[in-house]
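[1] just to be clear, the model below is a prediction. Sequence and coordinates:
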Amino acid sequence: MRWVLVVIGLSLLTVDSYGQLNTPKYSNEFLSIGAGARALGMAATQTAVADDVTSGFWNPASLTDLSHDYEVSLMHAEYFAGIANYDYGSFATPLDSLSTLAISVVRFAVDDIPDTRFLYDANGRIDYNNIRFFSAADYAFLFSYAREFSRIQGLSLGANFKVVHRTVGDFANAWGFGLDAAATYRINDWRFGLMLHDVTGTFNAWTHNSELVSDVYTQTGNVIPANTIEVTLPKASLGIARSWRFWESKIGLLTAADLDFTFDGKRNVLLKSDFSSVDPSLGLEVDYKQLAFVRLGAGNVQQLKDFDGSTYRSFQPDFGLGFRAGSISVDYALTDIGDRSESLYSHVFSLKFSIDREAKQ
């Protein structure tokens, strides 16, 4: 517990010390999308729920709950009517009876963006064969470690070493590094989770191709950007979950709630202040013999403005299904549903494979 309090204190000091640096409100925001259709069908209420290979993304301390020798998870989703692609993959395995290791990869990109700088040939004629294409892509590599805390039964601690790489074709790219810290506590049917994102601040060092950028920006009359260091400020997620079994343990019910705390000023969330904003979310999962699952979630509460200037509250409902057959799990989520013109719904699919050494032999 002292370790957790020390990390929280360092996080708050980090927020204050980076006040004069380039700290945009939504830096590395692609890492807030999530991992796994199970999670997204429950409005991402996973801080205290995740107990498999996806824990490396949601709460690395929960990797100690891994129930197989090897687990692999893959996910694909498309956003903005297929313009943006989001892919996730992860692998986890126990190192011994107390510790677990995981590796996760995330890619969020807009591909095949036309580069029309060479549309006109030397004679001033349009030649569509001269159009080139590039991608604006964000990558994240998470190296996760978790260990059970032997002195306190039910307590596990974990951390992520995070590498971020962002590219905009040949025009610019950035490399970033950061740390996450996490803890989870289990007692009977209750679970509690704490995830501290970017506890030391995640630095992104941007480098621009001066030759390409100066040519493009000079033609358009824009200011040529300079190489900069962008810092992602810390944020925290606090979760609680409770499970029940009914009807001779054939029916299961899991309820969960998360509170996401950000420290970069006011955000358009349910609770906001100059120091911190709090975004709550709720999730529910019903299962039959741990073979078939139905999931619901609600979160992302915002205040929106109507055409007449009045404001109203809006929230994001989510829905999901899951099926398990032996060592293979297939999950589906329909996110961002509801009668709201401000956003587009998305279909998310994910697969999980589990392997045990005895089965492998």
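    Cool, got the structure. Numbers count the residues shown, from 1 in each chain.
[2] is Trp206 in a helix, a strand, or coil?
    Recorded secondary structure, Trp206: strand (DSSP: H, G, I helix; E, B strand; the rest coil).
[3] enumerate the beta-bridge partners assigned to it.
    Ala174 (DSSP bridges).
[4] same check on Ser73?
    Bridge pairing for Ser73 - DSSP bridges - gives Ser90, Lys352.
[5] close enough to count as contact, it and Thr54?
    Yes: using CB atoms under 8 Å, Ser73 is in contact with Thr54, at 5.6 Å. For every residue, glycine as well, the C-beta is placed using N, CA and C.
[6] overlap in contacts of the two?
    Contact criterion CB atoms under 8 Å, 6 or more residues apart in numbering; residues shared by Ser73 and Thr54: 35-36, 90.
[7] just the buried residues from those, in PyMOL please.
    Remark: buried members of the shared contacts of Ser73 and Thr54, expressed as a PyMOL selection using 16 or more other CB atoms under 10 Å:
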select buried, resi 35+36+90
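[8] for this structure, which spans come out with low pLDDT?
    1-25, 211-226, 337-345, 358-361 (pLDDT under 70).
[9] need the helices for it, in chain order.
    Secondary structure of the chain, counting by DSSP state H: helices at 2-17, 37-41, 55-58, 210-220, 357-360.
[10] from Glu230, how far off is the residue lying farthest from the centre of the chain?
    Farthest-out residue of the chain from its mean C-alpha position, per CA atoms, centre = their mean: Asn123, at 49.0 Å. In this view, Asn123 and Glu230 are 43 Å apart by CB to CB, to the nearest Å.
[11] contacting residues around His76?
    Going by CB under 8 Å, 6+ apart, the list of residues near His76 reads 85-88, 348-350.
[12] ok, of these, which come out buried?
    Of the contacts of His76, these count as buried by 16+ other CB under 10 Å: 85-86, 88, 348, 350.
[13] let's have those in JSON lines, adding distance to Trp206.
    Below are these laid out as JSON lines (distance: CB to CB, whole Å):
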{"residue": "Asn85", "distance to Trp206": "23"}
{"residue": "Tyr86", "distance to Trp206": "22"}
{"residue": "Tyr88", "distance to Trp206": "24"}
{"residue": "Val348", "distance to Trp206": "30"}
{"residue": "Ser350", "distance to Trp206": "32"}
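[14] pick the one among those closest to Val105.
    Among the buried ones among the contacts of His76, Tyr88 lies closest to Val105 (CB to CB), at 7.1 Å.
[15] gap between the residue nearest to that closest one when sequence neighbours are not counted and Gly176?
    Distances taken as CB to CB, 6 or more residues apart in numbering place Met75 nearest to Tyr88, at 4.2 Å, with adjacent residues excluded. From Met75 over to Gly176 the distance is 22 Å, taken as CB to CB.
[16] same thing with Leu238?
    25 Å.
[17] looking at those two, which one has more neighbours?
    Gly176 (24 against 18; other CB atoms under 10 Å).
[18] pretty sure that one is touching Asn204, no?
    Yes: with contact defined as CB under 8 Å, Gly176 and Asn204 form a contacting pair (3.7 Å).
[19] intersection of neighbour lists for those two?
    Common neighbours of Gly176 and Asn204 (CB under 8 Å, 6+ apart) are 28, 164, 166, 230, 232.
[20] contacts only, for Asp198.
    By CB under 8 Å, 6+ apart, the neighbours of Asp198 are 28, 162, 178-180, 232-235.
[21] try Leu66
    Contacts of Leu66 (CB under 8 Å, 6+ apart): 51-53, 55, 92-94, 100.
[22] ok, and what's touching stretch 182-191?
    4, 48-49, 59-62, 64-65, 146, 152, 154-160, 192-196, 239-244.
[23] buried ones from those residues, can you make that a PyMOL selection?
    Buried residues within the contacts of stretch 182-191, by 16+ other CB under 10 Å, are selected in PyMOL with:
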select buried, resi 4+48+49+59+60+61+62+64+65+146+155+156+157+158+159+160+192+193+194+195+196+239+240+241+243
